[in-house]
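A.B. asks: 3D, please:
(chains A and B)
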2 protein chains.
Amino acid sequence: MRSSTLISAGIIMAMLSATARADEGMWLFNNPPKKLLHDKYGFDVTPEWLEHVQKSSVRFNSGGSGSFVSADGLVMTNHHVGLGALQKLSSKDKDYVKDGFYARTLDEEYKSVDEELNVLMEIEDVTKQVKAAVKAGLPAEKAFEARRAIIAKIEADSLKKTGLRSNVITLYQGGQYHLYRFKRYTDVRLVFAPEQQIAFFGGDADNFAYPRYDLDVCFFRVYENGKPAKIEHYLKWSKSGVKDEELVFVSGHPGKTDRLSTVAELEYLRDTGFPYLLQRLNRWEVMASVYSGQGVEQERQAKDFLFSVANSRKARMGGLEGLQDPAMMAKKKAEEKALRAAVAKDAELSDVADAWDIIAKIQKIRGENIRKYIVLEGGAGFNSSLFGYARTLVRAADEFAKPNEKRLEEFGDADKKSLELKLFSKRPLYREYELAKLNDSLSWLVEQLGYQHKLVQQILAGKSPRERAGELIGSKLFDVKERKRLYEGGKEAVAESKDPMILLARLVDKEARAIRKVMENEVEEPKKQAYDTIARAKFAALGTNTYPDATFTLRLAFGQVKGYTEGGKHIPFETTFAGLYRKAAEQKNKPPFDLPPRWIERKNKLNLKTPFNFVCTADIIGGNSGSPVINRDAEVVGLIFDGNIQSLVWDFAYTDEVARAVSVCSNAIPEALRAIYDAEDLATEVVSGRRQ
Amino acid sequence: MRSSTLISAGIIMAMLSATARADEGMWLFNNPPKKLLHDKYGFDVTPEWLEHVQKSSVRFNSGGSGSFVSADGLVMTNHHVGLGALQKLSSKDKDYVKDGFYARTLDEEYKSVDEELNVLMEIEDVTKQVKAAVKAGLPAEKAFEARRAIIAKIEADSLKKTGLRSNVITLYQGGQYHLYRFKRYTDVRLVFAPEQQIAFFGGDADNFAYPRYDLDVCFFRVYENGKPAKIEHYLKWSKSGVKDEELVFVSGHPGKTDRLSTVAELEYLRDTGFPYLLQRLNRWEVMASVYSGQGVEQERQAKDFLFSVANSRKARMGGLEGLQDPAMMAKKKAEEKALRAAVAKDAELSDVADAWDIIAKIQKIRGENIRKYIVLEGGAGFNSSLFGYARTLVRAADEFAKPNEKRLEEFGDADKKSLELKLFSKRPLYREYELAKLNDSLSWLVEQLGYQHKLVQQILAGKSPRERAGELIGSKLFDVKERKRLYEGGKEAVAESKDPMILLARLVDKEARAIRKVMENEVEEPKKQAYDTIARAKFAALGTNTYPDATFTLRLAFGQVKGYTEGGKHIPFETTFAGLYRKAAEQKNKPPFDLPPRWIERKNKLNLKTPFNFVCTADIIGGNSGSPVINRDAEVVGLIFDGNIQSLVWDFAYTDEVARAVSVCSNAIPEALRAIYDAEDLATEVVSGRRQ
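C.D. replies: Modelled structure (predicted):
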């Protein structure tokens, strides 16, 4: 703490460093909360413990977390994280989402079509290199290019040197840059999934609710050279499960939080960002529900999209509720005021003083451009996987012709293999479903940019959105071979293609890139610079014993297993299988509270006293789904799958009065595997850490 | 036709008077398409025929149509028109929406809580009186007041003179004013309704679809002095049903069309009006679906709201599709251009020339004010029945203290009884459901007006939308007695009330009234004046043998029973019960294609060859639901319940290539009543026109 800022720093300490007392934080593995854990829980985190947990943790690039739980490559995650993979393996004749899946032998393990798992092997702080390359005083466009170039170079050099997927992660919104090296697994096979009915018992109604009764688990196995991968670091299974008030850890990949955002940025999210996103989510939810309502097969096709849209909608509604809560905002304002006052008194921080005003001005530019950006560059105006492929092909032809440092980020050498995995995915595509999505989004595009907009007129080509969507869906990009041909053919092949979706992607590319440049140069870059200075001010006031906002990279959270009180009623920390059957009966076994037939038939085989779900105070957010919950001995005691409704405000600020992370109890998993699914071998592998 | 506009009038005739050939038109009963029917179908419509059909037709003020089908007051309408009444009679213990209802005796007929039926008795053209009262050159505000005053006076005088509900209807968007006198029925008892499952078989997926298999019918009986009303004019039942290509008529209450709207107004609807409404509908649909998903009882509570929102959403999506179709708009532009050219050449129409530009300018003002108008005056920011009651009570206290001519339209003496019927309705209200709606809409209000908006801050009173909604829902207006007390207590009682919802309604009243005034004076009034002149130009060019846009008043449509071709496939004009069972089997009897148990058990009692649904070319729109379809002899051959998806563009322009109205076949009704419901007495009353 600096002497010149004694008084206000006192306030800041009181306000910002709640971390000193609460179970707050999504901590970096190279900056863990050692002192806090020692002081509050008497737990001394060792480098060996950290390395073991880090390397036992798995990122699902499709958007979730997981962990190794056996030496033979077995990976545990949530059913809803594996949902995309399950959907892609299913067909009209076999619906693994609905019916579940269990491979009794290795031969039966079913290879997913485009799943990529990453394990974090090394972290290197490259902040100095990145900042040195971006000279002070550069115009924003040049600064952005210089930053992109140095990051691309660091990544490519690291990939060449180590063979590991290498990504530079921006932390503290621009305050630090760390290079993360990942081991990639792309031979990922499905081992077990229960019926979605029990994984997501209670459906949207119970999503983000507690008490809860969900077996939200599935297992994959990673392979290398056609054989189960041999895994050094995997998590052992706890024999006893969780106890009330026990200290637990969550090692996973929180996706995105906005805790360090300035008040102006939060106001942008409250007034523009969240409402605009929710409009789109509501529209998509209705569109996908309508499509689903047409029949059993349509319902199956749209299931993962509908789940993910409804899930985001509920999460964002909860977030917006926080943003519209004057109490939450008042706290944020007071914190900001105190920090600004501290900065104003510190001569060494004089360059920080304007940062908040700069960020406020940027929000205006952001608000003015967000619609066009989302529609054209975000691709929301062309909601079809085919457009995604077309865009990738059109841009790949341009970008791969450039040197690595000059390319758009997603075409950097570091991510090329991941890009190809997605582009050549054999996932099934359904013509009618793609048509429904595209038709709806083209109509939305007209609404967003205005019917008279020149590009809109070119996109529609004199037709109604429905007619035009019908024409575009005639694309040959349904066929992986055609995508390969165009990709390998490069610029020439793409230029010659008469495929309607390729022509569309080419048509919009100029304007899409232009609006992206506006956002990069006028929003992203100056924001990074401003947050960089704010981060420095915070470190000066509070020290570096803190954590950055979530970035979908590995973080360590911790907390206590603990119930809470809501509306005067105590909610106990855990539920049991018995509670599940009670809830289903109360709801007359009607969807979404219906039990799968197997669970009805085999009720008497289950130990109904088995703990099923529990809550704890560990600090998580979307992306943490599938994270292992472990005890002091790094043994699995649970599996994160949700937060309660009160935790949705964690996007902006951590509180632990009633907000909780929700997990499946470790005990429930082998019990259900044995009693309901006759999956004795898998249950034994899970608890013993070895394949049988 | 005027000689000076020969050429362009020729084009106009070709373009506008498609009425001369197609089965187009929602004709006024005092200006029926006599010549057209004579020339095309050799049918001579007589005054007696018209009077009989008019007085046999019934308007459901809740938003639909119906008809008398027996001398003993039996009224036929759609199940989905009766849905609101069914919902209001249902409870947690008895769900008539789901299970259906049949009163075997008069004693069992179940009195609806707030249904009002109107029968049109007389029409009087009061155009001259209204126009004379609005002096040319008055400022818009004065003109609006003068118009409102003369209409209120005409209505009140008529009510006093005749005792009939009297409403002046604005036709041709301001070109004509007709006084309609209605007989009111408010003792309306439920006689029969099938399960919603069969009335709405196929659910949202099949809504606006064809072929179709819906028994969308229910029966009420009107009472006078506690006894079934004796009805002079009721429709006889056809013994034979419909035949292919037969001429049929539809007598009902189309709600709203935009066919005479200028291109600028259609562009407003395309770019602002429809997208804005759809955003709201999508949001409501998601909110209500989420609430429904919580359990069986919640699903029951939200059922009619969810139906009506999804129905509107699908209709508006179809309408927007038409507006975004360049072919439809090109036709509208060409028509407008031709009419404007004709006007330019006619010295007597010189005052019309600017009308289109005036309307274009008005759309801008409308677009700038629509959000605030919908949120505050439309009440969409306070989506709870309790707010509706509070607003009525607050305004009733103010308005009834003024002379009739000075009041807001809805507080005119002419509608006072209808207002009281609604206000003192004993419909059930559910605290949790009202809370869910109110919470969601308060959050939406914040988003629409902006968090910083002064009134928004006052509305929230320092709380989050959820907290504030919880507080407001503590209102005592759940209780009819409290509503009566405040209504009868007038200004003083309302001023003294500390009820949170009353206080809210008072808080927003000033700004709500102000934005209403903006819309009245700057949009509604100048639009009326401009459309008045355009109407005159159209009458000059095309004669008065035409029809005005729909106004939820009685209209006569006609057309042919006729299949159509879609995607190269012929769709026959009718379906049968056999087709219903086929469709359910194809869809594995899964919702929304599941049959009620009774329909499965009694399949072998049904004559499966009975025609079930059919299509015809008669010109209808929302509001026509429940209209009888009759033959030349004014016998019932069907019951309108929907249009196909291609008919949704009828909002803007009639076409008959593939657009069709969809009806229940008359034959299906007694057949189902007897075979499925053991409703022999009702079936006999229906076909014989006398209660048994």
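A.B. asks: Which residue would be the closest one in the stretch 1-150 of chain A to chain B?
C.D. replies: In the stretch 1-150 of chain A, no residue comes nearer to chain B than A:K98, which is 12.0 Å away by C-beta to the nearest C-beta. (C-beta placed from N, C-alpha, C; glycine too.)
A.B. asks: Next up, phi/psi of that residue, please.
C.D. replies: phi -80, psi -50 (degrees, to the nearest 10).
A.B. asks: And for A:Y210?
C.D. replies: Given degrees, to the nearest 10, the pair of backbone angles that A:Y210 has is phi -160, psi 140.
A.B. asks: from memory it sits against A:K569, does it?
C.D. replies: No: with contact defined as C-beta atoms under 8 Å, A:Y210 does not reach A:K569; the gap is 11.9 Å.
A.B. asks: who's more crowded, those two?
C.D. replies: A:Y210 (24 against 7; other C-beta atoms under 10 Å in any protein chain shown).
A.B. asks: How about that one: what's its closest non-neighbour residue?
C.D. replies: Counting by C-beta to C-beta, 6 or more residues apart in numbering or on different chains, A:Y210 lies nearest to A:N644, which is 4.3 Å off, once chain neighbours are set aside.
A.B. asks: What of A:F182?
C.D. replies: With C-beta to C-beta, 6+ apart, the residue lying closest to A:F182 is A:N118, at 3.9 Å.
A.B. asks: Name whatever forms a beta bridge with that neighbour.
C.D. replies: A:R59, A:R184 (DSSP bridges).
A.B. asks: you'd agree it is up against A:V188?
C.D. replies: No: counting by C-beta under 8 Å, A:N118 stays clear of A:V188, with 11.1 Å between them.
A.B. asks: Give me the three-state assignment for the residue minimising distance to the centre of chain A.
C.D. replies: Nearest residue to the geometric centre of chain A (C-alpha atoms, centre = their mean): A:G623, 3.4 Å. With DSSP: H, G, I helix; E, B strand; the rest coil as the basis, A:G623 sits in coil.
A.B. asks: Does it touch A:V250 like I think?
C.D. replies: No: with contacts counted by C-beta under 8 Å, A:G623 stays clear of A:V250, the gap being 11.5 Å.
A.B. asks: give me every residue that touches the residue of the stretch 1-150 of chain A closest to chain B.
C.D. replies: Taking C-beta atoms under 8 Å, 6 or more residues apart in numbering or on different chains, we find A:K98 in contact with A:195-197, A:300.
A.B. asks: swap the cut-off to 6 Å and go again
C.D. replies: Residues in contact with A:K98 (C-beta atoms under 6 Å, 6 or more residues apart in numbering or on different chains): none are found.
A.B. asks: measure it to A:G579 for me?
C.D. replies: Here the criterion is C-beta to C-beta, to the nearest Å. By it, A:K98 lies 24 Å from A:G579.
A.B. asks: Could you tell me which residues of the stretch 501-650 of chain A lie near chain B?
C.D. replies: Within the stretch 501-650 of chain A, the positions lying close to chain B (C-beta under 6 Å from any C-beta of the partner chain) are A:587, A:590.
A.B. asks: same thing but 10 Å
C.D. replies: A:586-588, A:590-593 (C-beta under 10 Å from any C-beta of the partner chain).
A.B. asks: cool, the stretch 301-450 of chain A as well?
C.D. replies: So far as C-beta under 10 Å from any C-beta goes, the stretch 301-450 of chain A lies against chain B at A:309-310, A:313-314, A:317, A:320-330, A:439-440, A:442-444, A:446-448, A:450.
A.B. asks: can you list the weak-confidence ranges in chain A?
C.D. replies: A:1-21 (pLDDT under 70).
A.B. asks: Could you point out the longest helix of it?
C.D. replies: Taking DSSP state H as the criterion, chain A has its longest helix at helix A:296-323.
A.B. asks: Let me know the next secondary structure element after that helix.
C.D. replies: Per DSSP states H and E, the first helix or strand lying C-terminal to helix A:296-323 is helix A:326-344.
A.B. asks: now the angle from that following helix to helix A:296-323?
C.D. replies: In terms of direction (axes from the mean of the first three to the mean of the last three C-alpha atoms, to 10 degrees), helix A:326-344 departs from helix A:296-323 by 60 degrees.
A.B. asks: In helix A:326-344, which residues are buried?
C.D. replies: Residues of helix A:326-344 classed as buried by neighbour count (16 or more other C-beta atoms under 10 Å in any protein chain shown): A:326, A:328-329, A:332, A:335-343.
A.B. asks: Out of those residues, which comes closest to A:E574?
C.D. replies: Closest to A:E574 out of the buried residues of helix A:326-344 is A:M328 (29.0 Å), distances taken as C-beta to C-beta.
A.B. asks: coming back round to it: need the buried residues of helix A:326-344 in CSV with distance to B:E496, can you?
C.D. replies: Shown next, in CSV, are those (distance: C-beta to C-beta, whole Å):
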residue, distance to B:E496
A:P326, 30
A:M328, 36
A:M329, 35
A:K332, 40
A:E335, 44
A:E336, 44
A:K337, 42
A:A338, 45
A:L339, 49
A:R340, 47
A:A341, 47
A:A342, 51
A:V343, 53
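A.B. asks: I'd like to know which of these is nearest to chain B.
C.D. replies: Closest approach between the buried residues of helix A:326-344 and chain B, by C-beta to the nearest C-beta: A:P326, at 5.7 Å.
A.B. asks: For the closest one, list the residues it contacts.
C.D. replies: A:333, B:451, B:457, B:460-464, B:467 (C-beta atoms under 10 Å, 6 or more residues apart in numbering or on different chains).
A.B. asks: one more time with 7 Å, if that's ok
C.D. replies: A:P326 is in contact with B:462, B:464, counting by C-beta atoms under 7 Å, 6 or more residues apart in numbering or on different chains.
A.B. asks: residue of the stretch 101-250 of chain A with the smallest distance to chain B?
C.D. replies: Counting by C-beta to the nearest C-beta, the stretch 101-250 of chain A gets nearest chain B through A:A205, at 4.1 Å.
A.B. asks: Disregarding residues adjacent in the polypeptide, which is nearest to A:Q457?
C.D. replies: A:Y451 is the one closest to A:Q457 (C-beta to C-beta, 6+ apart), at 7.9 Å.
A.B. asks: Same check on A:L460?
C.D. replies: A:R468 (5.3 Å).
A.B. asks: Over to A:E116?
C.D. replies: That would be A:N61: by C-beta to C-beta, 6+ apart, it lies 4.3 Å from A:E116.
A.B. asks: right, and the one you found touches A:N118 too?
C.D. replies: Yes: between A:N61 and A:N118 a contact is recorded at 6.2 Å, counting by C-beta atoms under 7 Å.
A.B. asks: Pick out whichever of the two has more residues nearby.
C.D. replies: It is A:N118, of A:N61 and A:N118, that has more neighbours when counted by other C-beta under 10 Å, with 23 against 19.
A.B. asks: how close does A:A390 sit to chain B?
C.D. replies: For A:A390, the distance to chain B (C-beta to the nearest C-beta, to the nearest Å) stands at 23 Å.
A.B. asks: right, and that residue touches A:A505 too?
C.D. replies: Yes: at 3.8 Å, A:A390 and A:A505 qualify as touching, with contact defined as C-beta under 7 Å.
A.B. asks: near chain B, which residues of the stretch 151-300 of chain A show up?
C.D. replies: Within the stretch 151-300 of chain A, the positions near chain B by C-beta under 7 Å from any C-beta of the partner chain are A:203-205, A:270-271, A:275, A:279, A:282-283, A:285-286, A:290, A:293-296.
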